[in-house]
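Q: Take this sequence and fold it.
(one chain, ligands or ions: 1)
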Amino acid sequence: MRVLDFRSDTVTKPTAAMYDAMMAASLGDDVFGDDPTVNSLERKAAEMFGKQAAIFCPSGTMTNQIAIKVHTSPGDEVICDQLSHIYNYEGGGIAFNSGCSVKLLDGNRGRFTAADVVNAINPDDPHFPFSRLVSIENTCNKGGGAIWDINQIKEVSKISRESGLGIHLDGARLFNALVESGNSKQELGDQFDSISICLSKGLGCPVGSLLLGEEHFIRKARRIRKVFGGGMRQAGIIAAAGIYALDNHIERLKQDHNLAKDLSMLLNATSWVKHIVAPETNIVVIELEQPEKQKSIIEQLARKGVLTVAFGLGKIRFVTHLDINQNDLNLCAERFKEIK
Ligand SMILES: Cc1ncc(COP(=O)(O)O)c(C=O)c1O
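A: Alright, predicted model coming up:
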């Protein structure tokens, strides 16, 4: 039976061409700054978004957490949406690594406004934590892959900077947003002091994320990466996959988005789905007719070879990616009929 793994876009295996690029990579010791492939990946990514420098890390959690650590001091506060990955899914890292508190905003599928930020900034009064950093997630995972409007980003960025706050972008799925919106990478890059992008999600790499920023920011990030144990040696072997993906796997994300729309229509035709969060990119979040059957439905789907994850009370997430194709949706159509 063909297993359709919709749990995440992180489950993809390298393509044959990506493996070839990895095998051909020139290697060195990246902790000494000697790996030519890592250096070239870092330069390429930084230039794409008009930043001076970048640092290659093992995960998006690490790039986000390093950025927060560089932006803040213990006792500061980070402003972000209540759905954000940095708050929900990074093991309490904001408190653990940086000793910061969090002010949560109630945005629209993870997207908040400049006015929300203004209201969240604490007064200069010793009772309150010092508001230091605003973090945006684009696309917003828990918001069902929602894309931020560039004008809304500009407004949030402007007010954050005018208020003396840093502004970070968790762009784990930034390329999904960019292929849909057609926004300029440089224009987007200008709005942020730091940007995290993941290579191991829709771009199909086995591992790796990048943190982008100005030279002085990335110099500090390099120290924190060492402290977090994220310095890697002959990392060019995985960086080569990243270069390959940036050259070859961005435009094809559109196919994943089309599959997500088709999948949402199939789900809409079932008796067990009550509501679907309209997919904007490669993530489909459904709400079940009977929320109490969440576990049973995930298990039934898994027995039919359709893997998914629970995504909050009565909700299930499906993610499309490089290893899912149109034929797989035909299989889904058959398998969905047998779910009760
Ligand atoms: C929005 C977002 N940010 C950050 C991450 C963290 O990435 P990683 O799994 O590489 O730590 C994820 C992972 O799913 C994510 O969805």
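Q: tally of neighbours for the nearest residue to residue 234 once chain neighbours are set aside?
A: Among residues not flanking residue 234 along the chain, residue 27 sits closest, at 4.2 Å (CB to CB, 6 or more residues apart in numbering). C-beta here means a position set from N, CA and C on the backbone, and glycine is covered the same way. Using other CB atoms under 10 Å, residue 27 has 17 neighbouring residues.
Q: Enumerate every residue touching residue 27.
A: By CB atoms under 8 Å, 6 or more residues apart in numbering, residue 27 lies in contact with 35-37, 234, 236-237.
Q: how does it look with 6 Å?
A: 35, 234, 236 (CB atoms under 6 Å, 6 or more residues apart in numbering).
Q: Out of those, list just those in strands.
A: Using DSSP state E, no member of the contacts of residue 27 falls within strands.
Q: Who are the contact partners of residue 209?
A: By CB under 6 Å, 6+ apart, the neighbours of residue 209 are 57, 59-60, 63, 198.
Q: who's in contact with whatever residue of the stretch 51-200 of the chain ends up closest to the ligand?
A: Relative to the ligand, the nearest point of the stretch 51-200 of the chain is residue 60 (2.7 Å; CB to the nearest ligand atom). Counting by CB under 6 Å, 6+ apart, residue 60 makes contact with 172, 196, 198, 209.
Q: Just the ones of the contacts of residue 27 in helices?
A: The members of the contacts of residue 27 that map onto helices under DSSP state H are residue 236.
Q: Output the contacts of residue 27 as a markdown table; include the columns distance to residue 244, pLDDT and neighbour count.
A: A markdown table is the format used below for the contacts of residue 27 (distance: CB to CB, whole Å; pLDDT from 0 to 100; neighbours: other CB atoms under 10 Å):
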| residue | distance to residue 244 | pLDDT | neighbour count |
| --- | --- | --- | --- |
| 35 | 16 | 98 | 25 |
| 234 | 17 | 98 | 17 |
| 236 | 12 | 98 | 27 |
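Q: Looking at the contacts of residue 27, spot the one nearest the ligand.
A: The nearest one, if we look at the contacts of residue 27 relative to the ligand and count by CB to the nearest ligand atom, is residue 236, at 19.0 Å.
Q: Enumerate every residue touching the closest residue to that closest one other than its chain neighbours.
A: The shortest distance from residue 236 to any non-neighbouring residue, by CB to CB, 6+ apart, is to residue 37 (3.1 Å). Neighbouring residues of residue 37 by CB under 6 Å, 6+ apart: 25-26, 236, 239-240.
Q: Just the buried ones from these?
A: 25, 236, 239-240 (16 or more other CB atoms under 10 Å).
Q: picking up where we left off before, pretty sure the residue nearest to residue 236 is in a helix, no?
A: Yes - Residue 37 forms part of a helix when assessed by DSSP: H, G, I helix; E, B strand; the rest coil.
Q: pLDDT wise, what is it at?
A: At residue 37, the model reports a pLDDT of 98.
Q: How about residue 239?
A: At residue 239, pLDDT is 98.
Q: and if you look at residue 340?
A: You'll see residue 340 listed with a pLDDT of 88.
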